[in-house]
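# what's the 3D shape of this:
(chains A, B, C and D)
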Amino acid sequence: MNAAASATAPHAPDGASTAPADAPATVSADGPATGSTDGPATGSASREPVTSSELLSVVASRELAGRRTVFAGIGLPTLATALAQLTVAPEVEIVYESGVCGAHPSHLPETIADAVLITGAEAVLSMPALFGYVLQGGHIDVGFLGAAQIDKWGNLNSSVIGDRWDRPSVRLPGPGGAMEVMANSREVFVVMRRHTPRSFTAELDFCTSPGPDRALAEGIRPLGAGVTRVITDLGILARAGVGEELRLVATHPGVTAEQVRAATGWDLQVADALATIEPPTASELRLLREDVDPGRVYLR
Amino acid sequence: MNAAASATAPHAPDGASTAPADAPATVSADGPATGSTDGPATGSASREPVTSSELLSVVASRELAGRRTVFAGIGLPTLATALAQLTVAPEVEIVYESGVCGAHPSHLPETIADAVLITGAEAVLSMPALFGYVLQGGHIDVGFLGAAQIDKWGNLNSSVIGDRWDRPSVRLPGPGGAMEVMANSREVFVVMRRHTPRSFTAELDFCTSPGPDRALAEGIRPLGAGVTRVITDLGILARAGVGEELRLVATHPGVTAEQVRAATGWDLQVADALATIEPPTASELRLLREDVDPGRVYLR
Amino acid sequence: MGPDDPAVPATAPAPAPAARPVADKTMTMRDAIAAFVHDGDTVAIEGFTHLIPTAAGHEIVRQGRRNLTVVRMTADIVVDQMLAGGCVSKLVSSFVGNSSAGSLGELRRRIEHALPEPLEFEEYSHYGMVCRYLAGAQRLPFYPLRSYAGSDLASVNDGIRTVTSPYPGPDGQEERIHVVPPVNPDVTIVHAQRADRAGNTQIWGLTGVQAEAVFAARRAVVVVEEVVDDEVVRSDPNRTVIPAHAVDAVVACPRGAHPSFAQGYYDRDNAFYRSWSHISKDPERLQEWMQRWVLGTRDHAEYVAMLGEEHWAGLAVGDALSLPVNYGRRL
Amino acid sequence: MGPDDPAVPATAPAPAPAARPVADKTMTMRDAIAAFVHDGDTVAIEGFTHLIPTAAGHEIVRQGRRNLTVVRMTADIVVDQMLAGGCVSKLVSSFVGNSSAGSLGELRRRIEHALPEPLEFEEYSHYGMVCRYLAGAQRLPFYPLRSYAGSDLASVNDGIRTVTSPYPGPDGQEERIHVVPPVNPDVTIVHAQRADRAGNTQIWGLTGVQAEAVFAARRAVVVVEEVVDDEVVRSDPNRTVIPAHAVDAVVACPRGAHPSFAQGYYDRDNAFYRSWSHISKDPERLQEWMQRWVLGTRDHAEYVAMLGEEHWAGLAVGDALSLPVNYGRRL
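Numbering: from 1, shown residues only, chains lettered A, B, ... in the order given. Next up, the predicted model:
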C-alpha cells in the first residue's frame, strides 16, 4: 500500500485470487477511459506517426488505472508505468527484480539494475526480501511478463524451443523470476510486440511459468489470477482468472477479429462486445515523447 | 573462521558433532595450560582476595583456548571471553544474540544490546541472519548458557519451576535463544555461580534447551555436542558429547569430590584423574581487574 | 570492446520521467492507534532491546483496547504495562522478563496465579518467533528450523510440529525437522530512527526482526524519532529497512522508545529497567504508576516532559557519524 | 524513574578491554584462486547484474581449472567465458542469457549441440536459487516456496519436490508446497565495493544474494574494489553485509567486476554486453578473444590496462554521497 487512502485495505495476502472482472480500460466501446478530453494525436509533438512501441506503451499504461505496485522489467513495461504515473495511476510504483523500490532515476535506465535506478531510490532490497517478502508476500498488484510462447490459459514459455528441454533447437534464457511473478502477482500483463501463431500457440514447447489453472491441476492454488491482459500489436486479449480462456476483447483501429484469429495458434474466442482501442491521444503521445523517453531509447 | 591460518578448514557445517575430547585446559593435573609462568596471585593489583566472579571468569577463559567464535551474553561469559582474548585465544570473537559481531566498545557493555557494542562494531546483523546464518548455519564454536536447572546430560531448564508449565510456581524468562545455542553451537559451556542440588537436579521441572541425547531420542541429530563444560563455584564438570554424562573432572583448591557430589542432585560420577584447578594467576587477575573490568561492573 | 568489436550506438542520456507524487502517511499516534488497533486484534510489537515502541503501547492503554493478542519476541516492560492496562488476553513470546534486570510483576501474577485473570500464553524460542515472522512475511505455510528436538516446549505448544524432508539426510536416511506456523498479525508496530512521509523507514544499529514483522502483517504502523525529507532517505536507499509500500502509517514520536534506546538519539534508561522490577512487583504501586505516567498523560509528549530535561540529559549521546559512501552519479 | 523510585547506583563507565588482534586475510587473486578453487569443485559466483566477479572467473580460466560445477543465478558473460575456457562441466542456474543484450554463444552451443561437449544443466527459477542459498546458509534440509506448481521445470529437475504442510491450509484442507534442496558450494566468490583486511565486507546498491551465497559455502572469497582501514568499516557496521567470520580470503582487485558495474566506482559497460553476443557467436572469434583478453593477460591489472584509460573514462561516475547517520557515543 503506498497511499494513505488505502489505509483500510489489508496489504497482506488474504487468499483472494480473483482479478478485476471489469473490461480493459483502454477500449472505446464505452468511451475513453483515460479521462482525457483531447482527441487523437494532432499536436505539434505528435505529428510523427505512432510507432508500435508507442502504441503498446500507451495501451498498457491505460490498463494500470487503479493499480499501485507493478513488477516490471525495462522497456515497454517501464514506459507504460511511467506514462501511467502521469495519467491514470499517479501513485503507481515500479518494483524492479533487482530489488529497487521507488526509483527516481536521473536518466532513463537501460537495465533493471542500472546504477541510475539505485542512486536516489527510496529502498534497495536484497533478493531474499524482494522475492520472499515483496513478491511472494503478495505486495505486487500487476506483474509484467514477456515470453516466447503463450497459450490460451496464459501459460508462458521462456525456456526452450523444440521438443527436448535438454537438447532444444533454441535455448532461451529460462525462467528468471517469471515463475515467481506469475505465481505471486495479483494479475499479470503480457506485452507481445508481434502477434503470430508461433508465439500464440495451442501447445507450449515447454511450460516455464504456469498460470493458476495448471497449478490447480496439481492441487495448489497460487495467489493471483495469472495472465489477465495480453497486449499485442493487433489488440488486447483478456481473461478474468481461473477457468477462463483468453478472449479477444479489443482490436486496434483497422484490425479485424478474423485477422487476430488467423494470427493466433488456437481457436481464439472473441468477446461479444468486441471494442476498438482508442488510439493514443495527443496528450499521451506528448507525455511519452517529451517526458518519459525524450531520447527515444525504447520508443525506437 | 576469522584467521587466515584456518583457511584450509571448512567453515560450513559438515555434520561432525564430536566435541574435543581433551581435558579441560584449566586444571593443574598436567601442569598449567595457560602457558603463564607466574604463580598464584601475589602482585600489587591482586592483593584483594579473589572473588567468585573472578574465579569463574578466569576458569572459563582458559577453556576457550583454540576457540574462535563464542556466542555469549553479558556478564561472566563476556569477561571470560575478553580475558581469553588477552591470554589463551587472541583471535576469539564474541557474537552477541542482538546481532553484533566484532564489537569494539568504548565502555564495558551492560546488555547484549548496549549502544556501545554497536558503535564501532565490525558488523550488525538482523535476527534472521544472526540466528539463521550464523548460529543455525554452524558458525559458533562455543555457546555460553546459564540455566535455573541442569541435569546430568546437560539438558537445561530456563522456563518454569513447578510441575505445570501453564501454572508454575515460578515463571522464569523462558527459552530466548538458548535452545538455538544448544542445538547449533559446536559445544556449550555453562557457568553456574552456585552449585546446589536444586540447580544440579536429577530431573528437570521442564526441559527448555535439550542436549543432543534428548534430540537423538526423537531421531534428530543436532549439530553440536551439547554441554561439554559446566563451570561452578565448586569445580568443573565435563562431558565429551553424545551418550556421556557430566563427570566431575576438577575441583577448586580445598574442595573435595564428596562436597561436589553432595551439592549435586544426581549420583555424580568423578573422573579417575580428578584434578585441582589452578588458581587465578597474578597476570590473569591483573588483566581482569585493570583491563577487562576496571569499573568492577561485573566483578562485584 | 576494443576497435574490432561492432560498434553499438550509445544510447543518449535522457531526462527521467517527472517524479510521481508521494503519498503522505503521517498521522498522530492517537489517530494511528485508533485507526489500526482494534479490540481483539493480534498486535505484533517488535524491537529487540533497541527501538521498543513503548509510546505506542502506552497509547493502546490510553485508548482502552481489550482482548489483544500481543506477539513479541522479548515480552518486557511494555508488555507488562499493557497487561497492567488490561489490554491483553493472550501473549505469544519467546522471552518473558525485564531484560536481564529482573522480573515482570504483572506478567508473573497473570501466569503464576491467574491474577487478576488468566493469560493465555503461547511460547516459542527466539528463532522460532523469527521463523514465524519469516513464514508470515513470505506467505509460507510453515518454516523449518533446527530447534525443539527433545524440548518439552513442543509438548505444551501444538504449533510446534515436524515435517519429513523429501531429500535423504546426511546419513542417507529420512530426515525430520521441526517447523513453526506463520504469524500474520492484524497490525505490526515498530519504532525506527526515521522515515519519510511515505513510510520508507531507515533503522541503524540493531535492526532485529522489524522488517519481517512488518511484512508479515496486514497493516503496519511505523513510529519514528523524526520524519525526514525525502532527500535524506534517498541519499542512502540501502539504509531503508522497510519500503513504503509495506507501511500504512508514519507517526513522529520523539523519545517514544523510552526506556529502551534509539541508537544515535538517546541511550537506554538502565535505571528505569532496574526500577521496574520493584514497581511491578506490587500491584497497587504498579497501578499508581500506570495512572500517573500513562493514563494521566495526554500523550507521549507529556510523558517526556514529566520525566524532565535533567533526566533526558542523562541519556544524551554524543556524535559518532558514519562515513559516507558514494552511490555515484551518471556523468 | 522519578524521585519516588528506588535509586540504583549507576555503573561507572569503564574503559573497554584492549582490542583483539585482527586476522589479515588479504591475498592476491592468483593465490586465492589457487588456494580455494580446485578441479571438480562446486563454485558459486554471485552478483545480480551488479558486482559480478568477472576477474575471479578469468583467473579460474588462467589457472586451467576443470570439471567445475558453477552455481550462478544469472549465468551471463562470465559463465560463457568460463565455459569457453573449458572449466565447467555442470551449470546450476535460473537465467542463461547475456543480460537483456542477447545470447551466450558458447553456452548455447554446449546446450543445443553438445559442442564441443555436453553441459550438464540444472535449472531453477530465480527465487528457487535464492531459496537454495537460504537453505544452505541456514543448514536446512529444504526450503519451501510458492513457485513450480504446474511448471514443466519440475518434470526435468528432480531437485524440485513437494512437502505437505503439517498445518491445514486456508480452506481447511491439506496444503502442499514445493521445496528446493540446499546448495552448499565448496567455495563462493563475490565481488564487493570494500572490505577490511579481516573480511568484513560492505556492499551498497544492489546487494542481491551475496550474503546468503557466502554463508552457504564451505569457503568464501571476497573480491573488492578496495581494502579499507578497519575504521572505515567500523564507522558504519550496518553496511557490513558479510561479517569477517564467514570470509576466508579478501582480494583487492579494482575494476574486477567489468563489464558489470560497481555502484559509485564505475558504470556498466553496456557496449561490451552488446558486443558479447557477436563475439561469442563465432567459436573461433570467441577463442581469439579469450586468448587475447584472458589467457594473454597475466592478471586483471593487465586486462584493465589493455582496455585503456579512455575506455575507463567513459565508465567513470560522479559523486552522490550518502548523508551520514549518527551511531552515537556514550558521554
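
# What pLDDT does the model give the residue of the stretch 101-250 of chain A found nearest chain B?
Here the stretch 101-250 of chain A gets closest to chain B at one residue, residue A:128, 8.4 Å apart by C-beta to the nearest C-beta. Where you see a C-beta, it was placed from the backbone N, CA and C, and this is true even at glycine. For residue A:128, the model assigns a pLDDT of 98.

# And it, how close does it get to residue D:48?
12 Å (C-beta to C-beta, to the nearest Å).

# okay, and the common contacts of those two?
The contact sets of residue A:128 and residue D:48 overlap at residue D:209 (C-beta atoms under 8 Å, 6 or more residues apart in numbering or on different chains).

# that older thread, can I take it that the residue of the stretch 101-250 of chain A closest to chain B is in a strand?
No. Secondary structure of residue A:128 (DSSP: H, G, I helix; E, B strand; the rest coil): helix, not part of a strand.

# For the stretch 151-300 of chain A, what lies in contact range of chain C?
A:184, A:223, A:291-295, A:297 (C-beta under 8 Å from any C-beta of the partner chain).

# Quick one: those as a markdown table, columns for secondary structure, pLDDT and distance to chain D too.
A markdown table is the format used below for these (DSSP: H, G, I helix; E, B strand; the rest coil; pLDDT from 0 to 100; distance: C-beta to the nearest C-beta, whole Å):
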| residue | secondary structure | pLDDT | distance to chain D |
| --- | --- | --- | --- |
| A:184 | helix | 97 | 6 |
| A:223 | coil | 92 | 7 |
| A:291 | helix | 91 | 23 |
| A:292 | helix | 91 | 19 |
| A:293 | coil | 89 | 16 |
| A:294 | coil | 87 | 19 |
| A:295 | coil | 83 | 14 |
| A:297 | coil | 79 | 11 |
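
# Among the residues you listed, find me the one that's closest to residue A:215.
Lowest distance from residue A:215 to those (C-beta to C-beta) belongs to residue A:223, with 10.2 Å.

# Could you give the backbone dihedrals for the closest one?
Taking degrees, to the nearest 10, you get phi -70, psi -40 for the backbone angles of residue A:223.

# Give me the pLDDT for residue 42.
Let's take chain A. pLDDT recorded at residue A:42 is 48.

# please go with chain C instead
Looking at residue C:42, its pLDDT reads 98.

# ok, and the closest non-adjacent residue to residue 52?
The chain I'm using is chain A. Leaving aside its sequence neighbours, residue A:52 sits nearest to residue A:233 (C-beta to C-beta, 6 or more residues apart in numbering or on different chains; 5.4 Å).

# look at chain C instead
Closest to residue C:52 by C-beta to C-beta, 6+ apart is residue C:260, at 3.9 Å.

# now swap in residue C:141 and tell me
residue D:165 (3.8 Å).

# And for residue C:278, the neighbour number?
Look at residue C:278: counted by other C-beta atoms under 10 Å in any protein chain shown, it has 16 neighbours.

# Spell out the secondary structure type for it.
Classification of residue C:278 using three-state DSSP returns helix.

# still on that earlier bit, which of the residues of the stretch 151-300 of chain A next to chain C are buried?
Buried subset of these (neighbour count, 16 or more other C-beta atoms under 10 Å in any protein chain shown): A:184, A:223, A:291-293, A:297.

# contacting residues for the residue of the stretch 1-150 of chain A found nearest chain D?
Residue nearest to chain D within the stretch 1-150 of chain A (C-beta to the nearest C-beta): residue A:113, separated by 3.4 Å. Residue A:113 is in contact with A:96, A:98, D:48-50, D:206, D:268, counting by C-beta under 8 Å, 6+ apart.

# again, only this time at 10 Å
Counting by C-beta atoms under 10 Å, 6 or more residues apart in numbering or on different chains, residue A:113 touches A:74, A:96-100, D:47-51, D:74, D:99, D:205-206, D:208, D:260-261, D:263, D:268.

# just checking, which of those residues belong to strands?
A:100, D:74 (DSSP state E).

# In PyMOL, how would I select the buried members of the contacts of residue A:113?
With 16+ other C-beta under 10 Å as the criterion, this PyMOL line picks the buried residues out of the contacts of residue A:113:
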select buried, (chain A and resi 74+96+97+98+99+100) or (chain D and resi 47+48+49+50+51+74+99+205+206+208+260+261+263+268)
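
# Tell me the secondary structure at the residue most central in space within chain A.
By C-alpha atoms, centre = their mean, chain A has its centre lying nearest to residue A:189, at 2.9 Å. Three-state call for residue A:189 (three-state DSSP): strand.

# which SS class is the closest residue to it other than its chain neighbours?
Leaving out its chain neighbours, the residue that sits closest to residue A:189 by C-beta to C-beta, 6+ apart is residue A:229, at 4.6 Å. Counting by three-state DSSP, the backbone at residue A:229 sits in strand.

# Distance of residue A:229 relative to chain C?
Going from residue A:229 to chain C by C-beta to the nearest C-beta, to the nearest Å gives 22 Å.

# wait, that residue sits on residue A:191?
Yes. Assessed by C-beta atoms under 10 Å, residue A:229 is found in contact with residue A:191 at 8.9 Å.

# which neighbours do the two share?
Both residue A:229 and residue A:191 are in contact with A:59-60, A:63, A:144, where contact means C-beta under 10 Å, 6+ apart.

# Take these and keep only those in helices.
Judged by DSSP state H, the subset of the shared contacts of residue A:229 and residue A:191 located in helices is A:59-60.

# between the shared contacts of residue A:229 and residue A:191, which is closest to chain C?
Nearest to chain C out of the shared contacts of residue A:229 and residue A:191 is residue A:60 (C-beta to the nearest C-beta; 14.9 Å).

# Spit out the contact partners of the closest one.
With contact taken as C-beta under 10 Å, 6+ apart, residue A:60 is in contact with A:26, A:72, A:76-77, A:79-81, A:83-84, A:142, A:144, A:189-191, A:229, A:231, A:236.

# which residues of the stretch 151-300 of chain C score low on pLDDT?
Judged against pLDDT under 70, the stretch 151-300 of chain C has no low-scoring part.

# Give me the number of neighbouring residues for residue A:268.
Neighbours around residue A:268, by other C-beta under 10 Å: 18.

# ok, it to chain B distance?
Separation of residue A:268 from chain B (C-beta to the nearest C-beta): 47 Å.

# centroid residue for chain C?
In chain C, the centroid-proximal residue (C-alpha atoms, centre = their mean) is residue C:46; its distance is 2.2 Å.

# Could you report the neighbour count for the closest residue in space to that one that isn't next to it in sequence?
Take residue C:46 and drop its neighbours on the chain: the residue closest to it by C-beta to C-beta, 6+ apart is residue C:213, 4.2 Å away. For residue C:213, the count of nearby residues is 31 (other C-beta under 10 Å).

# contacting residues around residue C:213?
Each residue near residue C:213 by C-beta under 10 Å, 6+ apart is listed here: B:127, C:44-47, C:71-73, C:129-130, C:132-134, C:136-137, C:183, C:185, C:188-190, C:220, C:242.

# Residue C:181 now?
Contact partners of residue C:181, counting by C-beta under 10 Å, 6+ apart, are C:131-132, C:135-136, C:140-143, C:158-161, D:165-167.

# Would you mind listing which of those residues are buried?
Buried among the contacts of residue C:181 (16+ other C-beta under 10 Å): C:131-132, C:135-136, C:140-143, C:159-161, D:165-167.

# Could you check the pLDDT of residue A:47?
67.

# how close does whatever residue of the stretch 151-300 of chain A ends up closest to chain C get to residue D:259?
Here the stretch 151-300 of chain A gets closest to chain C at one residue, residue A:295, 3.2 Å apart by C-beta to the nearest C-beta. For residue A:295, the distance to residue D:259 equals 22 Å [C-beta to C-beta].

# list the contacts for the residue lying closest to residue C:27 once chain neighbours are set aside?
Spatially, and ignoring its direct neighbours in sequence, residue C:27 is nearest to residue C:249 (4.8 Å; C-beta to C-beta, 6+ apart). By C-beta under 10 Å, 6+ apart, the residues touching residue C:249 are A:4, A:7, C:25-29, C:31-33, C:35-36, C:187, C:189, C:199, C:219-223.
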